[in-house]
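Asker: Test case, fold it:
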Amino acid sequence: MIKKIGITQRVHTIHEYQEHRDELGQNWSKLLNELGVLQIILPNNKQIIDNRIIDNYDLDGVILTGGELEVNGLEKNTGQIKRNEFENSLISYCIKEKIPILGICRGMQILNIFFGGELINLKNHSGQSHKIKNLSRDKNLPKKVNSFHDFGIDEKRLPKNFNIVATDGNGVIEAFEDKNIKILGIMWHPERNKKFDLIDLKLIREIFNL
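Answerer: Take a look at the predicted model:
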């Protein structure tokens, strides 16, 4: 039976209409189609978890996608706040139901914050590709990855439940995994490569047992 992977969305604020819209890049559909899974698009609505509507999705995994992230409690955009509330509830739900989680960029950052970690400001890091150092014995990772983030994680601000999987040349964490449950975070965007990296596809297959 085809597996169902839930995927979160970024929030686009339309100021002229004073409304927030959930949206997801079309490349995600292409990537998940490549993996042969059913994409379940999740709305930024905490009530679907509070009211247990999400049980009906029968999810086999969840991807926390990229986008903006509230930092240090300064975010005033109610759309972003609702996304944070939803994703924090979604993480709790997945842990309780033993559903694997893959965090991409912002998704990795919010996992770090959820478990008590903090973020650091990065300079000259976004909009370029760079090499990473693989610290894992059992994971094959790309040697070079893209970068679209201005905030990162260092070892001092990493929660104790995570093992470092990869770093960049300056020791900033590029990937981590939970020591006990199926949670993996990566800071690069596999969906934004012009041609999907076979190593990325294998990594996603492993976390979701595809």
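Asker: So which residues of the protein form helices?
Answerer: 26-35, 47-50, 78-97, 106-114, 198-208 (DSSP state H).
Asker: Tell me which of the ones you listed sits nearest to S136.
Answerer: helix 198-208 (10.5 Å; Cβ to Cβ). From N, CA and C alone the C-beta is placed, and that goes for glycine too.
Asker: In CSV, could you pull the C-alpha coordinates for the closest one?
Answerer: Extracted in CSV, the C-alpha atoms of helix 198-208 (Å, rounded to 0.1, in the frame of the first residue of the first chain):
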residue,chain,number,x,y,z
LEU,A,198,20.0,10.3,-5.5
ILE,A,199,21.7,10.6,-2.1
ASP,A,200,18.9,12.9,-0.8
LEU,A,201,16.2,10.5,-2.2
LYS,A,202,17.9,7.6,-0.4
LEU,A,203,18.1,9.6,2.8
ILE,A,204,14.4,10.4,2.7
ARG,A,205,13.5,6.8,1.9
GLU,A,206,15.5,5.6,5.0
ILE,A,207,13.7,8.0,7.4
PHE,A,208,10.3,6.9,6.2
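Asker: Quick one: the helices of the chain as a markdown table, columns for mean pLDDT too.
Answerer: Listed next are the helices of the chain as a markdown table, based on pLDDT from 0 to 100:
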| stretch | mean pLDDT |
| --- | --- |
| helix 26-35 | 96 |
| helix 47-50 | 97 |
| helix 78-97 | 94 |
| helix 106-114 | 96 |
| helix 198-208 | 96 |
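Asker: Among the ones you listed, show me which one is buried the most.
Answerer: Sort these by mean neighbour count, taking mean count of other Cβ atoms under 10 Å, and helix 106-114 sits at the top with a mean of 23.
Asker: Pipe the helices of the chain into JSON lines and attach distance to I120 per row.
Answerer: As requested, the helices of the chain are exported to JSON lines (distance: least, Cβ to Cβ, whole Å):
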{"stretch": "helix 26-35", "distance to I120": "27"}
{"stretch": "helix 47-50", "distance to I120": "30"}
{"stretch": "helix 78-97", "distance to I120": "19"}
{"stretch": "helix 106-114", "distance to I120": "11"}
{"stretch": "helix 198-208", "distance to I120": "25"}
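Asker: where along this protein do the strands fall?
Answerer: Along the chain, counting by DSSP state E, strands occupy 4-7, 10-14, 19-23, 38-41, 61-64, 101-104, 120-121, 128-131, 133-134, 144-147, 151-152, 162-167, 173-178, 183-186.
Asker: can you put those in CSV and add distance to Y93, mean pLDDT and mean neighbour count?
Answerer: Output for these, formatted as CSV (distance: least, Cβ to Cβ, whole Å; pLDDT from 0 to 100; neighbours: other Cβ atoms under 10 Å):
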stretch, distance to Y93, mean pLDDT, mean neighbour count
strand 4-7, 10, 98, 21
strand 10-14, 20, 88, 15
strand 19-23, 18, 91, 14
strand 38-41, 13, 97, 16
strand 61-64, 9, 98, 25
strand 101-104, 10, 98, 25
strand 120-121, 28, 78, 10
strand 128-131, 34, 80, 12
strand 133-134, 31, 88, 14
strand 144-147, 29, 84, 18
strand 151-152, 25, 83, 20
strand 162-167, 20, 95, 19
strand 173-178, 16, 96, 24
strand 183-186, 13, 98, 26
